[in-house]
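Student: Need coordinates for the following:
(chains A, B and C)
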Amino acid sequence: MTKGKQENKYTFFDDVFEVVKLIPKGRVTSYGTIAKYLGTKMSARMVGWAMNAAHADKKIPAHRVVNRNGMLSGKHHFETPTAMQERLEKEGVEVSKDHVQDFKKLLWDPAIDL
DNA sequence: GGTCTGACCGGCG
DNA sequence: ACGCCGGCCAGAC
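Tutor: Next up, the predicted model:
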């Protein structure tokens, strides 16, 4: 069985994509929150890395994912350095100086909403 | 095949 | 209060 199937290989990446896709409009979440929901709060870096792959999938609202400070840390990775902020504002999220206003209120926790 | 980095977080000095 | 460091998983060279 050691060389059976590797179906469970993409658990982490896949889980991240699923959660990010489930983020409601006008709501934001943090890398640590997702990682914690997956059970690996220490691997918040992986969540960000998963977003890198998510960039290939336009169905994944990576702009709704920010760091724990509510700052658009990944904005620099978007098409344009302002695309992330513009999109968030378009969805009703107030963004100022690359950081989400009322982040605590807009913070969407999968463990709570699900 | 081994090494390093990467859109982070939390603890410690 | 601020700064530094370690930790996790996976992909790229």
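
Student: other SSEs contacting the worst-scoring helix or strand of chain A on mean pLDDT?
Tutor: Using mean pLDDT, DSSP states H and E, helix A:110-113 stands out as the lowest-scoring helix or strand of chain A, at a mean of 86. Counting contacts by 3 or more C-beta pairs under 8 Å, 6 or more residues apart in numbering; DSSP states H and E, helix A:110-113 packs against helix A:31-38. Glycine gets a C-beta too; all of them are placed from N, C-alpha and C.

Student: I would like the residues contacting the helix it packs on, please.
Tutor: For helix A:31-38, the surrounding residues in contact (C-beta atoms under 8 Å, 6 or more residues apart in numbering) are A:12, A:15-16, A:19-20, A:41-48, A:65-68, A:107, A:109-111.

Student: phi, psi of the residue nearest in space to the middle of chain A?
Tutor: Nearest to the geometric centre of chain A sits residue A:65, at 3.3 Å (C-alpha atoms, centre = their mean). For residue A:65, the backbone dihedrals are phi -110, psi 120 (criterion: degrees, to the nearest 10).

Student: got it, and residue A:68?
Tutor: phi -70, psi -20.

Student: same thing with residue A:14?
Tutor: Per-residue torsions, residue A:14: phi -60, psi -40 (degrees, to the nearest 10).

Student: helix, strand or coil for the nearest residue to residue A:53 once chain neighbours are set aside?
Tutor: For residue A:53, ignoring the flanking residues on the chain, the nearest one in space by C-beta to C-beta, 6 or more residues apart in numbering is residue A:13 at 6.4 Å. Under DSSP: H, G, I helix; E, B strand; the rest coil, residue A:13 falls in the helix class.
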